[in-house]
Every structure is written in structure tokens, then in C-alpha cells.
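S.K.: I'd like to go over a predicted model; first the sequence, then the structure.
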Amino acid sequence: MKEQLAAIRQQALAAFEAAADTAALDALRVQYLGKKGELTALLKQMGGLSPEERPAMGQLANEVRAALEQALEQRGKELEALALEQRLKDETLDITVPGKQVKLGHRHPMYIALDEFKAIFIGMGFTVLDGPEVELAELNFDRLNAEEGHPSRDWSDTFYFDKDSRVMLRSQTSPMQVRAMDTMPLPIRIIAPGRVYRKDEVDATHSPMFHQVEGMVIDKGVTMADLKGTLNTVVEQLYGKGTKTRFRPHHFPFTEPSCEMDVQCHKCGGVGCPTCKGEGWIELLGAGMIHPKVLKMSGIDPEVYSGWAFGIGLERTAMRRFKIADLRLIFENDVRFLEQF
Ligand code: DAH
């Protein structure tokens, strides 16, 4: 038994010394000193010794236990100190390391143009509306006087969700006119920017998704002169004082009369150049006086109220504002391009 005690002592002390961390040390404590540990197991055999042998063995066993406990405590302290040292080393902050450069982003040029546009209209008392991109064909077409059979309702032009052509991705922001008329008290002055979708192939001037801003005013005694006056004011704020506009007759189902508005080419001042394709003018938006039928369908009496509306392409506005030649650049989000604005 004496030899066994000596062997346990030797093994345990060596093992404690080799323990790499406090968890390993704790496992060793259980292994040697625990209830089912090696030393405990040996002590249980004491009963088999003769009464003369027992006191000396008991004393020896206690010495071994005390030695192990002391070694454990000692090694535990060492390991804790080592762990602390390591942590301090790991967590050292080198305050001389150069900082990581934070790259600040900025607004997309199209949204810069939109914000300018909004600020102008908000300044004139307009409310900015947001509306759904998934729209009812009823609001996108019927309520805007584009009846069954209107070419823009064709499946080759419009993204429908159902075979009955009732739910679609809006092809224009004009259904926001109907939503405003249906929900807002008169008089109404709104603009409604947002995405619209058409089955167009991507090229330098087309994209199946683009942005429009709808504008609408309904009040008593509103005339075409108000439309022209308002749009001229907006154009002067966007493109500079003295910028000339012209209004050409056009056709839209929901306005009567309808027109398109051009601005004099900023590049050549109206003489004709490649930017305006020799025209001297650049088409900017569609507009007109709201068709009496459209007002009636929304329960507004066209004998009492009148209104005007316009729809403008936002990408084109931004392209003109920042002299961007290709529409695709707006959507590609190449930072080398975006950084320039
Ligand atoms: N919705 C028309 C389009 O997408 C643009 C438009 C024209 C809007 C005339 C209007 C308007 O509000 O009065 O081509």
C-alpha cells in the first residue's frame, strides 16, 4: 500500500504540473481526490490492514492527500496567472495602428433630382403621396378612361399577375390620381413619385422598370394657364431662370386637352445639337386638363371642379440634370459612376 500511495503521489504531481489549463486541472482533481478518485479508492482498502499497520498508513495517506491538495492549489494559481497574462496579451490595443477608413456613401443622383423636385412642390403646398406598385388594372386603366382594347393594356406591354388581366405592375403613376381623388378631400394638390413597369427591352433610354412623378391639382376654376404657370416655375427652379418651355398638343386618355411639354435644349440654347437631336427642344413630360369622365368616375362634379395633371420620367430628369448619357448607368450602381455626383 505504501508503494501504491507513493505511486499515486508521483503520478498526480506530474499530471498537475502538466495540466494546460484550469479545466484540465479540475478534471485531475476529480480523478485523484474525488469521491470515486484513485486516492479515495485506495483509502477504502485500509480496512484490510492489520491494526498495527493502520495508523502509519493513515498518516501517510493524509500526508499524500495534503500534498496533492497543496500542489493543486499551487498549480491552479499558476494557471490562472498564465491565463490572465495571455488575455492581457490578446486584448492589447495597439493605438498606433492606422484607423480603417470609413467610406461614407451619399444619395443616388436620381434621388438627388427627386428631392429637388419634391422640395419645389412642397414649397408650393403640394402633398407627397406614396402608392402601391402592384396595382389594379381598374385604377391603372379603367378609371383613367383607358378602356378595354386600349393598346397599353396589351399583354405585350404590361406585366399582369393573373390571366384575367386584373392585377398588374402599374405601368404609370397615374393611378395615384384616382387613389387621391378617392381618399382626399377637395381641393387636392399632390405629387406621387414611384416605380413603374413596362415590357421594354433595356437600352440607353429604356428599362422595364423606371420612375415617374405624377402631379395633380383639382380645385374650382383651375385652368390650363395654372398648369403652364406651375410647370414653368418648376422648370426655372430646376434648370435656371429664363429656361424656355413649349407645350405641344398630344393625346392621353385621361386628360382633355392633353399636351407634352418640352424644354429648350440646355446644351445649344435651341439652335439644334446632338443632345436635342437637332430639335432645339427636349421632351420633358406629359400633361393636360383632367378629363371630365375621370373626375365623374371619382364622384367629382366636372361642372364645379376642374384640374390638371402631369407625369414626368424621373430618370430622364436626372439624366438631364446631371448630363448622364446612358440610362443603364442609373441602375448599374457602379460606385465609380455614383461617386461623381
Ligand atoms: N401617364 C403618362 C405616361 O406614362 C404620363 C402622363 C401624361 C401623366 C399626362 C399625366 C398626364 O398625369 O396628365 O405616359
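M.R.: Structure's in. What do you need? Residues are numbered from 1 along each chain as shown.
S.K.: and the helices in this protein?
M.R.: Counting by DSSP state H, the chain has helices at residues 2-18, 22-33, 38-44, 53-90, 109-123, 137-140, 175-183, 224-239, 292-297, 314-322, 328-332, 335-338.
S.K.: please state the offset of the third one from the chain centre?
M.R.: Taking Cα atoms, centre = their mean, to the nearest Å, one finds helix 38-44 lying 68 Å from the centre of the chain it belongs to.
S.K.: what does that helix rub up against?
M.R.: 1, 4-5, 8, 12, 31-34, 61, 64-65, 68 (Cβ atoms under 8 Å, 6 or more residues apart in numbering). Placement of C-beta: from N, CA and C, glycine included.
S.K.: next: the second one.
M.R.: Contact with helix 22-33 is made by 8, 12, 15-16, 19, 37-40, 65, 68-69, 72, 75-76, 79-80, 83, as judged by Cβ under 8 Å, 6+ apart.
S.K.: can I get that helix in CSV, CA atoms only?
M.R.: C-alpha atoms of helix 22-33 as CSV (Å, rounded to 0.1, in the frame of the first residue of the first chain):
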residue,chain,number,x,y,z
THR,A,22,-7.7,25.2,-15.0
ALA,A,23,-10.3,22.9,-16.7
ALA,A,24,-7.7,20.1,-17.1
LEU,A,25,-6.6,20.7,-13.6
ASP,A,26,-10.1,20.3,-12.3
ALA,A,27,-10.5,17.1,-14.1
LEU,A,28,-7.3,15.8,-12.4
ARG,A,29,-8.6,16.8,-9.0
VAL,A,30,-11.7,14.7,-9.6
GLN,A,31,-9.5,11.9,-10.9
TYR,A,32,-7.3,11.7,-7.8
LEU,A,33,-9.2,13.3,-5.0
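S.K.: and that helix, what's its mean pLDDT?
M.R.: The pLDDT scores in helix 22-33 average 88.
S.K.: list the buried ones in that helix?
M.R.: T22, L25, L28, R29, Y32, L33 (16 or more other Cβ atoms under 10 Å).
S.K.: distance of the third one relative to M224?
M.R.: Distance from L28 to M224, counting by Cβ to Cβ, to the nearest Å: 96 Å.
S.K.: read off the pLDDT value for the residue in the stretch 1-150 of the chain positioned nearest to the ligand.
M.R.: Nearest residue of the stretch 1-150 of the chain to the ligand: L144, at 8.1 Å (Cβ to the nearest ligand atom). Here, the pLDDT recorded for L144 equals 98.
S.K.: same thing with R189?
M.R.: Predicted confidence (pLDDT) for R189: 98.
S.K.: try A61
M.R.: Predicted confidence (pLDDT) for A61: 84.
S.K.: identify the residues contacting it.
M.R.: Each residue near A61 by Cβ under 8 Å, 6+ apart is listed here: L5, L39, L42, L43, M46.
S.K.: which of those are buried, as a PyMOL select command?
M.R.: Typed into PyMOL, the line below selects the buried ones among the contacts of A61, using 16+ other Cβ under 10 Å:
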select buried, resi 5+39+42+43
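S.K.: from the contacts of A61, which is closest to H106?
M.R.: The nearest member of the contacts of A61 to H106, counting by Cβ to Cβ, is L39 at 72.2 Å.
S.K.: could you count how many residues lie near the closest residue in space to L285 that isn't next to it in sequence?
M.R.: Closest residue to L285 apart from its sequence neighbours, by Cβ to Cβ, 6 or more residues apart in numbering: I312 at 3.9 Å. By other Cβ atoms under 10 Å, the residues close to I312 number 22.
S.K.: I'd say I312 and V263 touch.
M.R.: No. Applying Cβ atoms under 8 Å, one finds I312 not in contact with V263, separated by 11.1 Å.
S.K.: what do the two both touch?
M.R.: Jointly contacting I312 and V263 under the rule Cβ under 8 Å, 6+ apart are L284.
S.K.: the residue nearest to L129 when sequence neighbours are not counted: neighbouring residues, count only.
M.R.: In space, and not counting its chain neighbours, L129 is closest to A192: 4.2 Å by Cβ to Cβ, 6+ apart. Look at A192: counted by other Cβ under 10 Å, it has 23 neighbours.
S.K.: again, but for H108
M.R.: Neighbour count for H108, taken as other Cβ under 10 Å: 15.
S.K.: what parts of the protein come near the ligand?
M.R.: Q172, S174, E214, F252, T255, G286, A287, G288, A309, F310, G311 (Cβ under 6 Å from any ligand atom).
S.K.: show me the contacts for the residue nearest to G280 when sequence neighbours are not counted.
M.R.: Residue nearest to G280 in three dimensions, not counting chain neighbours: G270, with 4.1 Å by Cβ to Cβ, 6+ apart. Listed by Cβ under 8 Å, 6+ apart, the contact partners of G270 are K244, Q264, G280, W281.
S.K.: show me those residues that map onto strands.
M.R.: Judged by DSSP state E, these include Q264, W281 as members of strands.
S.K.: who wins for most neighbours among the contacts of G270?
M.R.: Counting neighbours by other Cβ under 10 Å, the top entry in those is Q264, with 21 neighbours.
S.K.: what sits against that residue?
M.R.: Neighbouring residues of Q264 by Cβ under 8 Å, 6+ apart: T243, K244, T245, R246, G270, G280, W281, I282.
S.K.: was I right to think the fourth one contacts C259?
M.R.: Translated: R246. No. With contact defined as Cβ under 8 Å, R246 and C259 do not form a contacting pair (9.5 Å).
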